[in-house]
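1. okay, here's the prediction I keep looking at, along with the sequence it came from:
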Amino acid sequence: VLAHAAPAFLARGSQAPSPEQAELRDGLLDDPAHIDPKFLYDALGSSLFTAITQLPEYYPTRCEAEIFQRHGADIARHVGEITSMIDLGAGDCVKAENLFARLRPRHYIPIDISADYLQAAVRRLRLAYPDLSVTAIGQDFSQTLALPSNVPADHRLFFYPGSSIGNLSPDDALAMLQRIRAQCDGGGLLVGVDRVKSKQVLEPAYDDALHLTAAFNLNLLRHVNTVLDTDFDVADWRHVALFNSQRSRIEMHLEAQRAVRVTWPGGAREFTAGERIHTENSYKFTPDAFTDLLQRAGFRDVVHWSDARGWFSVFSARA
Ligand code: AVI
C-alpha cells in the first residue's frame with residue numbers, strides 16, 4: 001500500500017503542528033466547532049462503518065447492491081470497455097470485486113484514507129485474482145487525486161460507490177467530479193448517490209437502535225485524541241443525527257452532555273452543555289440535481305438506475 005500523508009504525532013511540548021493537527025485545531029476553535037468526517041475512519045471507525053452497512057435501518061448499501069444485481073448487465077453495457085478501475089474509498093474492496101466479472105478490469109487501483117484497512121483487502125484480492133494488477137493507495141483523495149504512473153491513461157473507470165460523494169460539500173463535490181473528469185478522458189464514472197426521501201426513513205439510518213452509528217461518531221473523538229493529543233472523554237458527549245431538509249442533508253453532531261473543557265498541546269476550548277461539534281454531512285439528491293452536477297463537471301451521456309423503492313441511484317457518465 002502506498003501511504004501518503006501519514007499523520008505525525010505531535011508530543012506535548014514540541015512546536016510545528018502537522019497539517020492534520022492544524023486542521024483539527026482550527027475546526028475545534030471555530031464557532032460552531034467542526035471536525036472533518038475523514039477522522040471517522042481509523043481502523044475501528046472503518047470496522048464500525050462496515051457493521052453499520054449491515055444494519056436494518058441503513059438501507060443505502062442494500063439498495064445499491066440491488067441496483068447492481070438487477071441492472072448489472074445494462075450498467076456494464078453503458079460503461080463499455082475499461083482497462084483500469086479506480087476505486088475511490090475502496091474499504092474492503094468487496095463492491096468493486098462484485099463487478100470484476102462484468103467489467104473485466106486489467107488494473108485495479110483501490111484508494112482509501114485507511115491504508116491499514118486496505119492492506120488486508122489487497123492481500124486477499126492478489127490471491128483470488130492472480131491475473132489482475134492491483135495497486136493500492138492510502139490517500140485522502142478528497143483534496144487531490146494523484147494516480148501512480150503505471151495506471152494506463154486510456155479507458156479508465158472511476159468507481160465511487162456508497163454515496164460517499166454526499167459527504168462532500170456541494171462545492172467540494174463539484175471540484176471532486178471535475179478532478180475525476182480531468183483524469184478519465186475517454187473513460188467514465190460509476191457513482192452511487194443517495195436520494196431525498198422522508199425523514200422517517202433517513203433519520204433512523206443515521207441513529208440506529210443498536211447505537212452503532214453513535215459509536216462510529218463518538219469514536220472520532222478517540223481518533224482525534226491520538227492525532228492532536230486532545231483529552232476528549234467520550235462519556236461527555238452524545239451522538240445527534242438530524243435531517244436538514246432545507247439543505248437536503250443528514251447532519252451528524254456530537255453534543256456536550258455537560259460543560260466540557262478540551263485541551264491539546266498549546267490550546268484549549270470550552271464547550272457549554274448542549275453545544276455541538278459538527279462531524280458529518282450526508283447530502284441527499286434528486287436524480288435531476290445529480291445529473292445537473294455531473295453535467296456541470298463536464299460529464300456527458302449521463303444515465304442512472306434505481307432500486308425498486310427509488311431510494312438510491314447509480315449513475316454512469318462518460319468523460
Ligand atoms: C460513507 N458515507 C457514505 C456514509 C453516509 O451514509 O453518509 C457515512 C455514514 N455516516 C453515518 N453512517 C454512515
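-> Noted; the coordinates are in hand. Numbering: from 1, shown residues only.

2. which residues touch the residue of the chain found nearest the ligand?
-> Each residue of the chain has a distance to the ligand, by C-beta to the nearest ligand atom, and the smallest belongs to residue 282, at 3.3 Å. C-beta: built from backbone N, CA, C; applies to glycine. Counting by C-beta atoms under 8 Å, 6 or more residues apart in numbering, residue 282 touches 163, 166-167, 194, 206, 249-252.

3. buried subset of these?
-> By neighbour count, with 16 or more other C-beta atoms under 10 Å, these hold 163, 166-167, 194, 206, 249-252 as buried.

4. which two in those residues are spaced the farthest apart?
-> For these, the farthest-apart pair by C-beta to C-beta is 163 and 251; their separation is 15.2 Å.

5. the helix or strand hosting residue 119 - contacts with which helices or strands?
-> For residue 119, the host element (DSSP states H and E) is helix 115-128. Of the remaining helices and strands, those touching helix 115-128 by 3 or more C-beta pairs under 8 Å, 6 or more residues apart in numbering; DSSP states H and E are helix 43-52, helix 94-103, strand 107-112, strand 133-134.

6. keep only the contacts of residue 282 that also lie close to the ligand.
-> With respect to the ligand, and counting by C-beta under 6 Å from any ligand atom, the subset of the contacts of residue 282 in contact is 163, 166-167, 206.

7. hang on, the earlier thing: TSV please, covering the contacts of residue 282 and showing secondary structure.
-> Compiled in TSV, these are given as follows (DSSP: H, G, I helix; E, B strand; the rest coil):
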residue	secondary structure
163	coil
166	helix
167	helix
194	strand
206	coil
249	strand
250	strand
251	strand
252	strand
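
8. remind me which residues of the stretch 151-300 of the chain are low pLDDT?
-> Scanning the stretch 151-300 of the chain for pLDDT under 70 picks out no residues.

9. all strands for it, in order.
-> For the stretch 151-300 of the chain, the strands defined by DSSP state E, counting those that start in this stretch cover 156-160, 188-194, 237-244, 249-256, 260-264, 267-271, 276-283, 300-306.

10. now tabulate the ones you listed in a markdown table and tack on distance to residue 82.
-> Listed next are the strands of the stretch 151-300 of the chain as a markdown table, based on distance: least, C-beta to C-beta, whole Å:
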| stretch | distance to residue 82 |
| --- | --- |
| strand 156-160 | 4 |
| strand 188-194 | 8 |
| strand 237-244 | 36 |
| strand 249-256 | 32 |
| strand 260-264 | 46 |
| strand 267-271 | 48 |
| strand 276-283 | 27 |
| strand 300-306 | 15 |
